[in-house]
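Make a model of this:
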Amino acid sequence: MSSGLIFRAGPAAYAAIRRDGFDPSMIGTFAGASGGAKWLVLSQLDRVVATELLPRIQGPVHTIGTSIGAWRFACYLQSDPLAALTRFERTYIEQTYSDKPDRREITEKSVAILNEVIPDSEVQYILSHPQMRMHVMTVRSRHVLASEKTPLLLAGLAATAGMNALSRRSLGAFFERALFYDSRDHPPFLGLDGFPLQEVVLSADNLKEAVLATGSIPLVLEGVANIAGARPGVYRDGGVIDYHLDLPHSESGRLAVFLHFYDWLTPGWFDKKLSWRKPRVEHIDHTLMISPSPEFVKSLPYSKIPDRHDFTRYPESQRIRMWREVVERCGQLADEFAEVLATWRLADQVVRWND
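Modelled structure (predicted):
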């Protein structure tokens, strides 16, 4: 077992990799979860994907992401993925705020980062990528959850959390899934059941708005109103329902590659403290999840993965310095990943999902 990475696979993926090894032509989906600053432990792994996997995939290959996952994939699909990831990493780490930023300030900064990460000149390339198909999951807010008035939004979120503890399906009374998708090829997660679903074709008019919306955490950023091509309303972080993507990742016969901060999945944002909530087994059947080991995480500054609370937990200069150190340390993960791919040792490294 690699000292830095855990390779965990669902039943079908495990059997296929153990039998046939791993080849990029097996990939049918890249999946990416919500997590904000947690993505910094993956940024170097993303570079390995860009240099070692993307040039060797056989399309169509789908990407499905919520929040930071969708932002990462917006880099994957650009004409120079490595340059896009470099811009994203730099602008994300170096973002700064006033002492007590409000939602408007944080939203404006996110828009500025988005425009840096996805230049207008790259939008059409993303939409017409010859091999990859980008899909972005958001939610459309219902009732008081469409409001930006803090008391109403707090009350709505409290009610949502309470009902979700009783039944995950109750989220559908508060939020509607809104999937912005590339219509050239139908992804395995089109026509999802379990929650109200709106499906919107991704276009030059709504791509950036969809990516911004899926990272718009309630109470932290403003929602995105009236996205082009979608139903009128306020759109927010797709992780509200699909925090770690409890949905079909890949079609039969193809693998989903899921770079993740943890070696477990939590279905929805409101399930973080509900340890009994697990993803449906059939959704991860064809999934290969790659994540840093607990031992590696303990070796990071303060023995933790970065998160958005670091903005208030540490002075600005200390946070930036710590995040840069995390990224540098995670070069070890990238080296291990590249070595496993180069030596075809993944079949020996992979473990079953529940082992």
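
make it CA atoms for all contacts and neighbour counts henceforth
OK.

Could you list the residues in contact with the helix or strand where residue 113 lies?
Taking DSSP states H and E as the definition, one finds residue 113 inside helix 103-117. Contacts made with helix 103-117 from outside it, assessed by C-alpha atoms under 8 Å, 6 or more residues apart in numbering, are listed as 75, 84-85, 87-88, 91-92, 95, 97, 208, 212, 219-222.

What's opposite residue 200 in the beta bridge?
With DSSP bridges as the criterion, residue 200 is bridged to residue 180.

if you go through the stretch 1-150 of the chain in chain order, where are the strands?
Across the stretch 1-150 of the chain, reading from the start of the chain, the strands by DSSP state E, counting those that start in this stretch fall at 5-9, 27-32, 61-65, 132-141.

quick one: which of these is nearest residue 308?
If you check each of the strands of the stretch 1-150 of the chain against residue 308 by C-alpha to C-alpha, strand 27-32 wins as the nearest, at 17.4 Å.

same for the closest one, what does it pack against?
Packing partners of strand 27-32 (3 or more C-alpha pairs under 8 Å, 6 or more residues apart in numbering; DSSP states H and E): strand 61-65, helix 68-76, strand 255-259.

quick one: contacts for residue 138?
So residue 138 contacts 66, 177-180, 210, 213-214, 235-239 (C-alpha under 8 Å, 6+ apart).

Next, format the helices and strands packed on strand 27-32 as CSV and append mean pLDDT and mean neighbour count.
Supplementary listing: the helices and strands packed on strand 27-32 in CSV, determined by pLDDT from 0 to 100; neighbours: other C-alpha atoms under 10 Å:
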stretch, mean pLDDT, mean neighbour count
strand 61-65, 98, 27
helix 68-76, 98, 26
strand 255-259, 98, 27
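
And the helices in this protein, which stretches?
Read by DSSP state H, the chain holds these helices, from start to end of the chain: 11-20, 43-48, 68-76, 81-94, 103-117, 120-127, 150-166, 207-214, 239-242, 294-298, 310-313, 316-329, 331-342, 346-349.

So which residues make contact with the third one?
Residues outside helix 68-76 that contact it (C-alpha under 8 Å, 6+ apart): 31-36, 39, 50, 63-65, 81-82, 84-85, 88, 117-118, 126, 134-136, 211, 214-215.

what's the angle between that helix and helix 120-127?
Computed with axes from the mean of the first three to the mean of the last three C-alpha atoms, to 10 degrees, the direction of helix 68-76 lies at 100 degrees from that of helix 120-127.
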